[in-house]
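Asks: Whatever this is, show me its structure:
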Amino acid sequence: MKSSERIKSLLGIMIKFVLLPLLALGLLFYAFRDMDLREIWNIIKGADYLYVALSFLTGYIAFVLIGLRWIIPLESMGYKNISRLNSINAVTVTYIVNLMIPRAGEVARCTAMNQAEGIPVSRLLGTVILERAIDVIMLGGSILLTIALQYDQMEAFAYKLLTLRQDTPAERAISFKMIIVIIIVAGIIITYIFRRRLRHTILYHKIEDFIKGMITGIASIARMPHKWAFVGYTIAIWVMYYLMIYFMSYAFEQTHALSAANILYLMTVGGLAQLVPVQGGIGAYHSAMKIGIPILGIAAITPDVAMAFATLNHATQTIMQLSTGAIALILISRAHKRRINHITKQKS
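Replies: All right, here's what the predicted structure looks like:
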């Protein structure tokens, strides 16, 4: 038993610290392959950094809003007088940890909040699962809205992603709608045929738990004392995600022509890239933008401009996460010391 646990632990370490970084490097190589790196750097140097700063700011405002939103379900569980600053800093820790270990940020966030406020990690994880379920629903909503407003672009993106072709032929052998239908039908058939075996797999139980979590999450929102505030924060968070791309579009002369629907499309494509479990979306985001931006068909946005846009946007948010995350770690450590000192004084 101990031997199998060691093997499992070793595999987990290999995946997180070897395979996933290699995947990120492979995606980066794909993204920058055949690109003029000097030209990309010149385009980045010529950007308007006032708008870059605004994109940086809106990214951090999203963290602030997530922190404020987190307090609502915690208060509904009976935890009152939670420090807003501690909540915001714990959320910020999520992203600096994710830059090192994919998907570890949520646990780090709960651990940070536990240290600062003393709330059990098990209770905190439940609220984080709720938030993840809501964010998946919001991503799904943005995908549907993008399909409604930018159907041709989403169809071309799906085609290029699945075929890895650089061109988009005028007459495709298979349409985006047909791809969706085939995937759904194939999924249903496979699930039905192997339903008994699938019930015993880890993936089946994870999907089942995720669906149950989403249903439970939606139901729990309805029971919250301040449910409309929670909904309002959620909408505001996604508005910030949109504004991050919006302000970055004004950083380059060539991307001024992006419409509101184009920016929504880029936000959605970027959101899908973040689902790839690599450190901080490195490589995955760049590759998605390399495929996605040229589809918009704006003459001024050359492949080099597209990659400069993607690189600067990703770098801006990465620097924001590193800088604010480092400060958050210091502040959480101080909050933890204050809490321990307070407990010690009460006991003495």
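
Asks: remind me which residues of the stretch 151-300 of the chain are low pLDDT?
Replies: Low-confidence segments of the stretch 151-300 of the chain (pLDDT under 70): 164-177, 179-180, 192, 194-195, 198, 200-210, 212-214, 216-222.

Asks: Pull the residues that contact stretch 318-330.
Replies: 56, 59-60, 63, 88-90, 92-93, 95-97, 99, 112, 280 (CB atoms under 8 Å, 6 or more residues apart in numbering). From N, CA and C alone the C-beta is placed, and that goes for glycine too.

Asks: Would you mark the buried spots in that stretch?
Replies: 318, 320-321, 324-325, 328-329 (16 or more other CB atoms under 10 Å).

Asks: Repeat that for stretch 336-348.
Replies: His336.

Asks: Can you name the residues in contact with it?
Replies: Residues from elsewhere that reach stretch 336-348 (CB under 8 Å, 6+ apart): 115-118.

Asks: average model confidence for it?
Replies: For stretch 336-348, mean pLDDT rounds to 87.

Asks: Please tell me how far it is from the chain's geometric centre.
Replies: How far stretch 336-348 lies from its chain's middle: 37 Å, per CA atoms, centre = their mean, to the nearest Å.

Asks: for stretch 106-115, same thing?
Replies: 18 Å.

Asks: swap in stretch 40-58?
Replies: Stretch 40-58 sits 21 Å away from the centroid of its parent chain (CA atoms, centre = their mean).

Asks: What residues sit buried inside that stretch?
Replies: Applying a neighbour-count criterion of 16+ other CB under 10 Å, one finds 40, 43-44, 47, 51-52, 54-56, 58 buried in stretch 40-58.

Asks: Pick the one among the residues you listed closest to Leu258.
Replies: Tyr51 (12.5 Å; CB to CB).

Asks: Name the nearest of the buried residues of stretch 40-58 relative to Asp304.
Replies: Distances from the buried residues of stretch 40-58 to Asp304 were compared by CB to CB; the smallest belongs to Ile40, at 5.3 Å.

Asks: Quick check: pLDDT value at the closest one.
Replies: pLDDT for Ile40: 96.

Asks: For it, which residues are in contact?
Replies: Counting by CB under 8 Å, 6+ apart, Ile40 touches 304, 307-308, 311.

Asks: That one sits in which helix or strand?
Replies: helix 37-45 (DSSP states H and E).

Asks: Following the chain onward from that helix, which element is next?
Replies: Once the chain leaves helix 37-45, the next helix or strand it forms, by DSSP H and E, is helix 49-76.

Asks: now the next helix or strand after that next one, how far from the chain's geometric center?
Replies: Using DSSP H and E, the helix or strand that follows helix 49-76 in sequence is helix 84-98. Taking the mean of its C-alpha atoms, helix 84-98 sits 14 Å from the chain's own mean (CA atoms, centre = their mean).

Asks: Tell me where the stretch 201-348 of the chain has strands.
Replies: In the stretch 201-348 of the chain, no strands are defined using DSSP state E, counting those that start in this stretch.

Asks: Show me the longest helix that occurs in the protein.
Replies: The single longest helix within the chain, with elements called by DSSP state H, is helix 303-347.

Asks: and of the buried residues of stretch 318-330, the nearest to Thr127?
Replies: Closest to Thr127, out of all of these and judged by CB to CB, is Ala328, at 18.4 Å.

Asks: Quick one: end-to-end distance for stretch 274-286.
Replies: This stretch, stretch 274-286, spans 11 Å end to end (CA to CA, to the nearest Å).

Asks: Quick check: buried residues in stretch 271-278?
Replies: 271-273, 276-278.

Asks: Kindly report the same for stretch 154-167.
Replies: Buried residues in stretch 154-167, counting neighbours by 16+ other CB under 10 Å, are found at 154-160.

Asks: how close does Met240 sit to Ile101?
Replies: 25 Å (CB to CB, to the nearest Å).

Asks: Between those two, point out the one with more neighbours.
Replies: For Met240 versus Ile101, the count of surrounding residues by other CB atoms under 10 Å is larger for Met240: 18 against 14.

Asks: Just confirm the more buried one contacts Ile66, I think it does.
Replies: No. Using CB atoms under 8 Å, Met240 makes no contact with Ile66, being 9.4 Å away.

Asks: Can you dump the C-alpha atoms of stretch 109-120 in PDB for me?
Replies: This file holds the C-alpha atoms of stretch 109-120, laid out as PDB (Å, rounded to 0.1, in the frame of the first residue of the first chain):
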ATOM      1  CA  ARG A 109      -5.800  30.500  -0.800                       C
ATOM      2  CA  CYS A 110      -7.700  28.500   1.800                       C
ATOM      3  CA  THR A 111      -4.500  27.900   3.800                       C
ATOM      4  CA  ALA A 112      -3.700  31.700   3.700                       C
ATOM      5  CA  MET A 113      -7.300  32.500   4.900                       C
ATOM      6  CA  ASN A 114      -7.000  29.900   7.700                       C
ATOM      7  CA  GLN A 115      -3.700  31.500   8.900                       C
ATOM      8  CA  ALA A 116      -5.200  35.000   8.800                       C
ATOM      9  CA  GLU A 117      -8.700  34.300  10.200                       C
ATOM     10  CA  GLY A 118      -8.600  30.900  11.700                       C
ATOM     11  CA  ILE A 119     -11.400  29.500   9.600                       C
ATOM     12  CA  PRO A 120     -11.100  25.700   9.000                       C
END
